[in-house]
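Colleague: Predicted model follows, preceded by the sequence.
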There are 2 protein chains.
Amino acid sequence: MQTDDGQPYDSELMAAVTELGTALRGLVDASVRTTVPAGDLRATATAVRELTGRLAAAQRPVTQLPALDDPVVFRRVYNPVSGVGSALAPPVRFRRTDGGVLGRATLGPAFEGPPGYVHGGVSALLADQLLGSAAIAAGLWGMTARLELEYRRPVPLDTPLVLRAAVTAASGRRVDLGGSIAAEAAPDEPLVAARGVFVMPRADRHADYFGAITDARGRHAPPRRPTDATGVPGDGE
Amino acid sequence: MQTDDGQPYDSELMAAVTELGTALRGLVDASVRTTVPAGDLRATATAVRELTGRLAAAQRPVTQLPALDDPVVFRRVYNPVSGVGSALAPPVRFRRTDGGVLGRATLGPAFEGPPGYVHGGVSALLADQLLGSAAIAAGLWGMTARLELEYRRPVPLDTPLVLRAAVTAASGRRVDLGGSIAAEAAPDEPLVAARGVFVMPRADRHADYFGAITDARGRHAPPRRPTDATGVPGDGE
């Protein structure tokens, strides 16, 4: 059992989920770069369906969080941007910095929009998680209420990127954030600039939205503001 | 060989790419729902790496479009929102309607943000592709310059969604668009409202951005505005 200030978790299971996530990200990448013949693609599809059957042998309901998740510290192993177990995630690893968060990612052709560049919507996907992580790192939490993106230059594929964000204002249930995506080689020249407003739902809506959510042991486990900034590891952790 | 008004393509290869994409989307979904033990996850990871090796036996460079792609009709089989071969895509299928485009999608827990709901960034990802498809359907094309999203209500997982967008203004290289994501059961109550500005790059920048891009036969193949709206199938096609 290990802990990151949240509920202890099964470190063997975490290693296995991370290993499968990494393997799946490799398969997704290979699937868009490959030029093998149709017959090989079909044989691979058959093998993939067999693996799907193995994993589907035991499944959680959607309202039950994965065993490794802890909503209090925002440990979400299948998060589609940052989850170690997600086949969709680049994944981006966010760290707390002085006054905000910093993340790094390199995106391959599975994330392509215009030829050679990251899909504009993928930049938006990253930006939303980036701003949300900065809220959590500041001890706040909210659901996206507004997101505004200014695309200054195309974001190149297969290029190390740096993502930065910080809280710009916070009042009551609302938090305002700003952030950017830049090439690691030119971190102060944003390719995409983002602003967002995140809002913690009112108590009655919160109960409506998350009333059915449980952790893997069946206990009610809605998301909520952390008591401190334990959701994003600090520098050096 | 088949055609969709663009270059003819290899229909056997298209069927195989679609079959593998569908199989991969199933595996991704199973990977986030599964509760099989760590040992089974590790065995699956080993099998996944073996399949990756098979696909990596022959690969295209990133600057070379996939054999099935045709940038003139915006046939992009690995597009991360709408590509039939993409493991990341929901996928959304867009169709031309009177004055715009309409898409349908149902998103499983691989796309989860807050428990039980679609990640705010995933809604942004869908919205960007939605607006871009509406530009293409109108015979226009541009790269995302601005994207603004207003999140009115959370977007539920495992629920049929309807996405609609249309051009609101067009002038020179710029096109303005508006769109929405709603539950199919309440299509006129947007959960997310989107506005965007897409801009066709100036000729000199266009050459900078896409000078190296070729099709699978090695011919220069930059994206450009279609001469007519062949990029998105019409109703009934």
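Modeller: Now that the structure is in, tell me what you want to look at.
Colleague: ok, now which ones touch the residue lying farthest from the centre of chain A?
Modeller: Relative to the C-alpha centroid of chain A, counting by Cα atoms, centre = their mean, A:Gly39 is the outermost residue, at 34.6 Å. By Cβ atoms under 8 Å, 6 or more residues apart in numbering or on different chains, the contact list for A:Gly39 reads B:Ala16. Using the backbone N, CA and C atoms, a C-beta is placed for each residue, glycine as well.
Colleague: ok, 10 Å please
Modeller: B:Glu12, B:Ala16 (Cβ atoms under 10 Å, 6 or more residues apart in numbering or on different chains).
Colleague: Hey, what's the angle from whichever strand or helix holds it to helix B:38-55? Just curious.
Modeller: In the assignment (DSSP states H and E), A:Gly39 maps to helix A:38-55. Computed with axes from the mean of the first three to the mean of the last three Cα atoms, to 10 degrees, the direction of helix A:38-55 lies at 170 degrees from that of helix B:38-55.
Colleague: What residues sit buried inside helix A:38-55?
Modeller: Within helix A:38-55, the residues that qualify as buried by neighbour count (16 or more other Cβ atoms under 10 Å in any protein chain shown) are A:38, A:40-45, A:47-49, A:51-52, A:54-55.
Colleague: got the CA coordinates for that helix in PDB?
Modeller: Extracted as PDB, the C-alpha positions of helix A:38-55 are listed here (Å, rounded to 0.1, in the frame of the first residue of the first chain):
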ATOM      1  CA  ALA A  38      -5.000  -4.700 -44.800                       C
ATOM      2  CA  GLY A  39      -4.600  -8.400 -43.800                       C
ATOM      3  CA  ASP A  40      -2.200  -7.500 -41.000                       C
ATOM      4  CA  LEU A  41      -4.600  -4.800 -39.800                       C
ATOM      5  CA  ARG A  42      -7.500  -7.300 -39.700                       C
ATOM      6  CA  ALA A  43      -5.400  -9.900 -37.800                       C
ATOM      7  CA  THR A  44      -4.500  -7.200 -35.300                       C
ATOM      8  CA  ALA A  45      -8.100  -6.200 -34.900                       C
ATOM      9  CA  THR A  46      -9.000  -9.900 -34.100                       C
ATOM     10  CA  ALA A  47      -6.300 -10.000 -31.500                       C
ATOM     11  CA  VAL A  48      -7.400  -6.700 -30.000                       C
ATOM     12  CA  ARG A  49     -11.000  -8.000 -29.700                       C
ATOM     13  CA  GLU A  50      -9.700 -11.000 -27.900                       C
ATOM     14  CA  LEU A  51      -7.800  -8.800 -25.400                       C
ATOM     15  CA  THR A  52     -11.000  -6.700 -24.900                       C
ATOM     16  CA  GLY A  53     -12.900  -9.800 -24.000                       C
ATOM     17  CA  ARG A  54     -10.300 -10.600 -21.300                       C
ATOM     18  CA  LEU A  55     -10.600  -7.100 -19.800                       C
END
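Colleague: buried residues in stretch A:135-150?
Modeller: Neighbour counts over stretch A:135-150 (16+ other Cβ under 10 Å) mark A:135-138, A:140-145, A:147-150 as buried.
Colleague: related to what we said a few turns ago, state the next helix or strand along the chain beyond the helix holding A:Gly39.
Modeller: With DSSP H and E, the next secondary element past helix A:38-55 is strand A:93-97.
Colleague: who does that following strand touch, helix- and strand-wise?
Modeller: strand A:100-105, helix A:120-137, strand A:161-171 (3 or more Cβ pairs under 10 Å, 6 or more residues apart in numbering or on different chains; DSSP states H and E).
Colleague: could those go into CSV alongside distance to chain B and mean pLDDT?
Modeller: Shown next, in CSV, are the helices and strands packed on strand A:93-97 (distance: least, Cβ to the nearest Cβ, whole Å; pLDDT from 0 to 100):
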stretch, distance to chain B, mean pLDDT
strand A:100-105, 13, 96
helix A:120-137, 3, 96
strand A:161-171, 12, 97
